[in-house]
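>>> I'll drop the sequence and a predicted model, then ask my questions.
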Amino acid sequence: MMMKPVFAALLLAASVSAHAQQVPAVPASAGTMPQDKTQASPRLNPVAARAEHLSTQMVRDLHLNGYQASRLRDINNNKMAKLDAIERQYANNPQAADAQARNIAKERDQELQAVLTTDQYTDYFDARKRYAQADKDYARSASASILVNSVQNPTPSRANDAIIGPSKTKDPTPRRSAEPFGRTLRQ
């Protein structure tokens, strides 16, 4: 008769200890989440920053829904990458770069026609020159601001997150011990 309560108590203790050993599925805190290193930072990828800036402006102006905004961002990322490659390739020949840029703009127009409604596409088509000018202005100013930001706020370049800066030693001259290093000197 005494075995049943003892057995029940042991069973209860075993289940409590097993439950206590489980790891909680909730993250420790939202403030200490590790940085996502798979996404390129705008500081290291000015083409993506340029595409994002243009996409944000277009989404706001054209009143796009979530699906349309997502497709627009993909299209702009693709076209900005092509445009950047052409600008680099034809850096010494602006006329050829402009001709290639017009071809890329035609591709974007065709792709956007499939994504936007008729009214949205009409608004986009009327504002194309304004978007192109805004993109050129951003590209011109962003290259300088990205350089200034990278100099003012250097990111760690090593795995241990060390930041290059002045040393914190008070005495600039190194101290040497009186004893020789390595093998002892013969006399």
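Thanks, I have it.
>>> rest of the way, CA atoms for contacts and neighbours
Will do.
>>> for this structure, which spans come out with low pLDDT?
Across the chain, the ranges flagged by pLDDT under 70 are 1-44, 142-187.
>>> go with 90
For the chain, applying pLDDT under 90 flags the ranges 1-51, 53, 83-84, 87-94, 96-98, 101, 131-187.
>>> Now do the helices in it.
Along the chain, the segments classed as helices by DSSP state H run 3-20, 46-62, 66-89, 94-115, 118-126, 128-152.
>>> Mind listing what's buried along the fifth one?
Put plainly, it is helix 118-126. 120, 121, 124 (16 or more other Cα atoms under 10 Å).
>>> with those residues in mind, which one is nearest to residue 98?
residue 124 (20.3 Å; Cα to Cα).
>>> which residues does the closest residue to the closest one other than its chain neighbours contact?
Nearest residue to residue 124 in three dimensions, chain neighbours excluded: residue 62, at 7.0 Å (Cα to Cα, 6 or more residues apart in numbering). Residue 62 sits next to 120, 123, 124 when contact means Cα atoms under 8 Å, 6 or more residues apart in numbering.
>>> how about 10 Å then?
69, 116, 117, 119, 120, 121, 122, 123, 124, 127 (Cα atoms under 10 Å, 6 or more residues apart in numbering).
>>> As CSV, the residues you listed with distance to residue 48 would be great.
Converted to CSV, these look like this (distance: Cα to Cα, whole Å):
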residue, distance to residue 48
69, 15
116, 22
117, 26
119, 28
120, 24
121, 23
122, 26
123, 24
124, 21
127, 22
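>>> nearest to residue 93, of those?
residue 127 (26.8 Å).
>>> Would you enumerate the residues in contact with that closest one?
Contacts of residue 127 (Cα under 10 Å, 6+ apart): 58, 61, 62, 121.
>>> Likewise for residue 52?
Here residue 52 is in contact with 42, 46, 58, 72, 73, 74, 76, 77, 80 (Cα under 10 Å, 6+ apart).
>>> Looking at the contacts of residue 127, which one is closest to residue 95?
Checking those against residue 95 with Cα to Cα, the nearest one is residue 58 at 26.7 Å.
>>> how much space between that closest one and residue 130?
Per Cα to Cα, to the nearest Å, residue 58 is found 11 Å from residue 130.
>>> okay, those two: which has more neighbours?
Neighbour count, other Cα atoms under 10 Å: between residue 58 and residue 130, residue 58 has more, with 19 against 12.
>>> wait, doesn't the more buried one sit right on residue 121?
No: Residue 58 lies out of contact with residue 121 (Cα atoms under 10 Å); the separation is 11.0 Å.
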